[in-house]
Structures are given as C-alpha cells and as structure tokens.
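*Asks:* Any chance you could fold what I've pasted below:
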Amino acid sequence: MDCLGWAAKDRSGVLSPYKFKRRPVGSDDISIKITHCGVCHADVVWTRNLLGNSNYPVVPGHEIAGIVKEVGSNVQRFKVGDPVGVGTYINSCRDCEYCNDGWEVHCEKGTLFTFNAIDADGTVTKGGYSSSIVVHERYCFKIPSDYPLASAAPLLCAGVTVYTPMVLHNMNQPGKSLGVIGLGGLGHMAVKFGKAFGLNVTVLSTSISKKEEALNLLGADKFVVSSDHRQMRSLSRSLDFIIDTASGNHPFDPYLSLLRPAGVYALVGFPSEIRFSPGSLNLGMRTFTGSVTGGTKIIQEMIDFCAAQKIYPQIEVIPIQYATEALERLVKRDVKYRFVIDIENSL
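*Replies:* Residues are numbered from 1 along each chain as shown. The predicted structure is shown next:
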C-alpha cells in the first residue's frame, strides 16, 4: 500500500516528505489509518544517528494512535472503525517464555521495533510519522471509544514506561511515598499515576521554575530542588520508591539516600553512565533496578486504567510540518509535556 510519511534522510535529523509502501495486510494483521503520533526522545536519537545505527531514510514515531481501516481474515479482537494504538515494537517470536507470559518486549530472540529495525523480509521498519501502518493484531491495543486519540498516543511509550515499574514494585498501593526525578514527558505521567494510585508524590527537580506546575497543575504533594542540600536532607530515608526519568548524567547517591530501608530506585532514563557508592545500596538494603516499556498485557491494562481514571497526558498538538522544530525543542526540554503530531489533519 502506498504510504506518505516524513523522514530524516541524513544525520541532520531534518524531516521532509517521503513516499514508501506498506506491506499487504496478512491474515493476522490490521491496517491502521494513523491519526496521531507522539514525539519521543527516541525520535531524536535515530533521526540524528546518535547511536550510529540509523538506517536512512528514518521514519520515526512509536506512540501511534489511529483507526482500523482493514482487518485480516483471522483477526478476532478488532473490526474496521475501532480506535487502536501501537507502541514501541511490532513483532516478536511469540513462542519464548517471555512472549508466552505477555512480556514480548523481552523476547529471547529480540523484539522488532516499530521504526529503524530490520524486519524479517530485510526491509527497514517505518514508524508513525506516516499516514498508515500494518501490524499483527497481537501488538495493537484497544483504545476506549471515549478516550481522545491525541491523548492516547503518548501512553504507548511515555505512559507505560513509568507505569510498568510502578506496578511491578507494588507502587499502586495507597499511602506509599513516591519520588519522581525529572518532570518531562515521562515524569509528568509518573506524577499522574502516583496520585491516581493514592501515593504521596514528591517531584525532585533541578529547576525551581517547575514548582508551580508540579504542585498546582499535576497535583504533586511536594516539590524539592535537588541541588538544595537542606531540602534534600529533609527527605532523608522517607521515600518508598523513586522513579528516575532523567537521561542526562547526574549523581545517584544523593537520591538513593532518600529511600527508606528496602526502598526501590527504578531507572527508566538513559544517562551515559551510572555510578554510586555500594553503601548507598547495602547500608539501606535498597534495590536499584531498570525498566523499559512493557509487555502487551500491561500496556492494555495501563490504557484501560487511564480511561477509567480519566488520566490524560499534558500535550501540545502540532502539525507534521512542525516536526523538525518540535524535535529541536524536545532536545532543549521546551515542551510541556509531550508533543503529539496531528497526522490526520496535516499529512
């Protein structure tokens, strides 16, 4: 099928129109008319070849929301006209223990990422900055009909990336205390989930300018400037769980000291190095863990939870023609808190 997208042609990361073909709809596939696509930092990484493995032209985008326009003969879960989402991966072996347990993102043979990955037929996957996509139904998610598609798109990466470690470490139990490092696309969703779970939420940020929004817009209980030693000392050994969304290099020991004994520190950002004193873990019997997105079961659970609790990301909707500038603003952290491309009305 003919498809129109916007692609980066070289490491400048500048996006421009690009025509290509999607594969035919197989018996287990659905074809999706994309209406919205969230803008993730991963889009910056691969459009600019920051890891050295970009396969140009790169059509980025893995926070996809849209409408089913065709279904294969074996498809059971979707029908034409259904609202649907696609996240960071679109295939896996479907046979290993992780796939069988609904954790396809950790597939033993490797998951197939939504863009810039080599598919089984040797072609390069192309993401959601495009008019349509064809995906096996297993890797598609039902979006409730009353949940806005523009708001649904960021859930497919930013939302589930923070939801997953919170649920896995039992931080969905009222009364516990949560610390959130970084108040961007991921961090603001962690605050929203924390409040919906009934947690006491503290935002930890280097920027005092974010205090008012953290407290009054997002509903955090406390705001602490992490460079202020007095404020940090006041939180010592008071948090059950910290979720760290920061990807820039930063010290870890000061934050680890805020955890109660047996507290958990979950890293979902990607700093270039991790360094801390063994005593920060050992002396407090603390756990340091990492996490990425989530398996298909927990992604659907998260979407349904957001719909039931009326949790919506804070978004800035933009046309596809603004995508290059949006990526540059994302690098400068000039977004509150997630760009979403209006594919349907601008492509």
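*Asks:* so what pLDDT did P144 get?
*Replies:* With respect to pLDDT, P144 scores 97.
*Asks:* Quick check: it touching A307?
*Replies:* Yes: if you go by CB atoms under 8 Å, P144 and A307 touch, sitting 4.2 Å apart. C-beta here means a position set from N, CA and C on the backbone, and glycine is covered the same way.
*Asks:* the more surrounded of the two?
*Replies:* Using other CB atoms under 10 Å, the more surrounded residue of P144 and A307 is A307, with 19 against 12.
*Asks:* Tell me if I am right that that one is in a strand.
*Replies:* No: assessed by DSSP: H, G, I helix; E, B strand; the rest coil, A307 does not belong to a strand; its assignment is helix.
*Asks:* Show the model's pLDDT score for it.
*Replies:* pLDDT, A307: 98.
*Asks:* what ranges do the strands span in the stretch 101-250 of the chain?
*Replies:* Under the criterion DSSP state E, counting those that start in this stretch, the stretch 101-250 of the chain carries strands at the ranges 112-113, 132-136, 140-142, 177-181, 200-205, 222-225, 239-244.
*Asks:* Put together a markdown table for the ones you listed, with mean neighbour count and distance to C96 on each row.
*Replies:* What follows is the strands of the stretch 101-250 of the chain, written out as a markdown table (neighbours: other CB atoms under 10 Å; distance: least, CB to CB, whole Å):
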| stretch | mean neighbour count | distance to C96 |
| --- | --- | --- |
| strand 112-113 | 20 | 14 |
| strand 132-136 | 22 | 16 |
| strand 140-142 | 22 | 20 |
| strand 177-181 | 25 | 33 |
| strand 200-205 | 24 | 36 |
| strand 222-225 | 19 | 42 |
| strand 239-244 | 25 | 28 |
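*Asks:* looking at the ones you listed, which is closest to Q300?
*Replies:* Of all the strands of the stretch 101-250 of the chain, the one in closest proximity to Q300, counting by CB to CB, is strand 140-142 (5.3 Å).
*Asks:* Contacts for that closest one next, please.
*Replies:* Under the contact criterion CB atoms under 8 Å, 6 or more residues apart in numbering, strand 140-142 has outside partners 30, 32, 77-78, 82-87, 156, 296, 299-300, 303.
*Asks:* just stretch 100-114 next, same as before
*Replies:* 61-62, 64, 86-94, 96-99, 119-120, 125, 127-128, 138-139, 292-298.
*Asks:* now swap in stretch 5-24 and tell me
*Replies:* Taking CB under 8 Å, 6+ apart as the rule, stretch 5-24 contacts 1-4, 31, 44, 46-49, 54, 56-60, 121, 123, 126, 129-134, 320, 323-324, 327, 347.
*Asks:* about what we covered before: so which of the contacts of strand 140-142 are in helices?
*Replies:* Filtering the contacts of strand 140-142 for membership in helices, criterion DSSP state H, returns T296, I299, Q300, I303.
*Asks:* Nearest to P174 among those?
*Replies:* I303 (21.8 Å).
*Asks:* I'd like to know how far the closest one sits from S16.
*Replies:* I303 is 32 Å from S16, where distance means CB to CB, to the nearest Å.
*Asks:* Which of the two has more residues huddled nearby?
*Replies:* I303 (23 against 13).
*Asks:* who's in contact with that one?
*Replies:* Applying CB under 8 Å, 6+ apart, we find I303 in contact with G85, F141, K142, I143, P144, Y147, A152, L155, G159.
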